[in-house]
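Participant: here is my input; please provide its structure:
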Amino acid sequence: MKIEMDMNPQPKTFSVRMLIVMLFALVVIPFLPLLITGRWDWWEAWIYAGIWILGAVGSRALAARRHPDLIVERSLFMRHKNEKPWDRILSPLVGLGGGLIPLVAGLEARFDPSFACGLPIKIVSLAVILAGYSLASYALIENRFFSALVRIQTDRGHRVVSSGPYRWLRHPGYAGALMSFWATPSWLDSWWAFIPAALVTAVLVIRTRLEDETLRNELDGYDDYARRVRYRLLPGVW
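Facilitator: Numbering: from 1, shown residues only. Down below sits the predicted model:
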């Protein structure tokens, strides 16, 4: 009887660590304003949590249906050898910054609930949040190479994606995230939450610049694509 041994075992794509991260990202963070304040009648916070969870789960379900290998790629976060060292710092900082926004909003609502936006501002804020999640989700679903950390995915046949939202912006996923970051403080009645929004914006701009330089230098065809699609995050500005 011949027994064949797999000389190149694939790394596990599921672990207890990943389960803890998923629970924290999908349960704890979106419900922080409610957990901190104990205000279970805070309808804006409920809507915010619902958008966060449905956006995250829905976009990944659709992405998995279209590109099953993308979900495997993203599950190997911090485990690829050719991930850019600078993104091992910047990517977690972006995640941390995104979580600080609802945290600060919850703390302000508990200890200094003095700021309140009017209904027209809230309607605009909600529209921007929904638009931001939609744009980021569209980018994730369209781009088979939307890895959690920046790397040139030669093992997956990495190529330039110029369809979908990438026809208008070079980094639409980041642009969508920024839209939701900046609209959340007014939706949750928090002046202080604009501080982490500003900080995470600075980190994301740095990350975008470094990623764009990496793609220009290392990914065939990206330089030509960048000449056709001029703007990285904000049309008409940058």
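
Participant: need the three-state assignment for Leu233.
Facilitator: coil (DSSP: H, G, I helix; E, B strand; the rest coil).

Participant: confidence score at the spatially closest residue to it that is not a sequence neighbour?
Facilitator: The shortest distance from Leu233 to any non-neighbouring residue, by C-beta to C-beta, 6 or more residues apart in numbering, is to Ala175 (4.8 Å). For every residue, glycine as well, the C-beta is placed using N, CA and C. Ala175 is assigned a pLDDT of 97 by the prediction.

Participant: before we move on, what about the one 10 residues further on?
Facilitator: On the pLDDT scale, Pro185 is placed at 97.

Participant: just checking, it touches Trp191?
Facilitator: Yes: with contact defined as C-beta atoms under 8 Å, Pro185 reaches Trp191; the gap is 7.0 Å.

Participant: who has more neighbours, those two?
Facilitator: Counted by other C-beta atoms under 10 Å, Pro185 and Trp191 do not tie: Pro185 has more neighbours, with 24 against 14.

Participant: name the element the more buried one belongs to?
Facilitator: For Pro185, the host element (DSSP states H and E) is helix 172-187.

Participant: immediately after that helix, which helix or strand?
Facilitator: Immediately after helix 172-187, counting by DSSP H and E, sits helix 194-218.

Participant: show me what that next one is packed against.
Facilitator: The contact analysis (3 or more C-beta pairs under 8 Å, 6 or more residues apart in numbering; DSSP states H and E) places helix 194-218 against helix 87-111, helix 172-187, helix 222-228.

Participant: export the ones you listed as CSV, with columns for distance to Tyr48.
Facilitator: Output for the helices and strands packed on helix 194-218, formatted as CSV (distance: least, C-beta to C-beta, whole Å):
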stretch, distance to Tyr48
helix 87-111, 7
helix 172-187, 6
helix 222-228, 35
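
Participant: most packed of the ones you listed?
Facilitator: Of all these, helix 172-187 has the most neighbours on average by mean count of other C-beta atoms under 10 Å, namely a mean of 23.

Participant: any idea how far that one is from the middle of the chain?
Facilitator: For helix 172-187, the separation from the chain centroid amounts to 10 Å (computed by C-alpha atoms, centre = their mean, to the nearest Å).
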